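Colleague: Kindly return the folded structure for what I paste below:
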Amino acid sequence: MNPREYKYTKEHEWLFIESDRVSKIGITDYAQSKLGDIVFLELPSVGTQVKQFDKLGEIESLKAVNDIFTPVSGKVLGVNQSVINDPGIVNSDPYGNGWLVRLEISDLPEVDNLMSSEEYDRFIGL
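Modeller: Residues are numbered from 1 along each chain as shown. Just a heads-up that it's a prediction; the model follows:
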C-alpha cells in the first residue's frame, strides 16, 4: 500500500511535502521491486535547479540503469548521503530512509499534476 499523504508520477517517483515548500522525493515500492537490487545512485548537487518531469538523476540495479525524474520544479536542498553510501536502503525502505532528494518547490500548483495514492494504485494495477 502506498502512503496516502504522498503524490506520485507515472514514472514511479513519489513526492512528500514536509512543510510549506519543502519536500522529499524518492521512488515507489513498486519501482524498487521491479528494479531489483539497487547498486548505485547518481543524484544532483545541492543548489541544482530542476524543472517538473525533467531528469533528476539515475538509479542502477543489477538489471538496468534508469532515469529518475523530478515530480515538481524547484531547488535541491539536500541529497540523502545514506542511500549514496548504501543504495540497498531504497529497496528496504523506499518511503522512509530511502528518500533521495530534499527539494524546495518553486511552483506549488505543479503538485496538482501528480497522482494521488488511489490514482497511483489504479495506475499500477493494485
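Colleague: Please report the number of neighbouring residues for residue 84.
Modeller: 14 (other CB atoms under 10 Å). All C-beta atoms are positioned from the backbone trio N, CA, C, and that covers glycine.
Colleague: Report the buried residues of the helix or strand hosting it.
Modeller: Element membership of residue 84 [criterion: DSSP states H and E] is helix 81-85. Across helix 81-85, burial judged by 16 or more other CB atoms under 10 Å covers residue 83.
Colleague: and the next helix or strand after that helix, what other elements does it pack with?
Modeller: Toward the C-terminus, helix 81-85 is succeeded by helix 88-92 as the next helix or strand (DSSP H and E). Here helix 88-92 touches strand 38-42, helix 81-85, going by 3 or more CB pairs under 8 Å, 6 or more residues apart in numbering; DSSP states H and E.
Colleague: related to what we said a few turns ago, please tell me how far the helix holding residue 84 is from the chain's geometric centre.
Modeller: Distance of helix 81-85 from the chain centroid (CA atoms, centre = their mean, to the nearest Å) equals 14 Å.
Colleague: before we move on, the earlier item: turn the helices and strands packed on helix 88-92 into a markdown table, columns for mean pLDDT and distance to residue 115.
Modeller: Output for these, formatted as a markdown table (pLDDT from 0 to 100; distance: least, CB to CB, whole Å):
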| stretch | mean pLDDT | distance to residue 115 |
| --- | --- | --- |
| strand 38-42 | 98 | 23 |
| helix 81-85 | 98 | 23 |
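Colleague: Which one of the ones you listed lies nearest to residue 7?
Modeller: The minimum distance between residue 7 and the helices and strands packed on helix 88-92 falls on helix 81-85, with 20.2 Å, by CB to CB.
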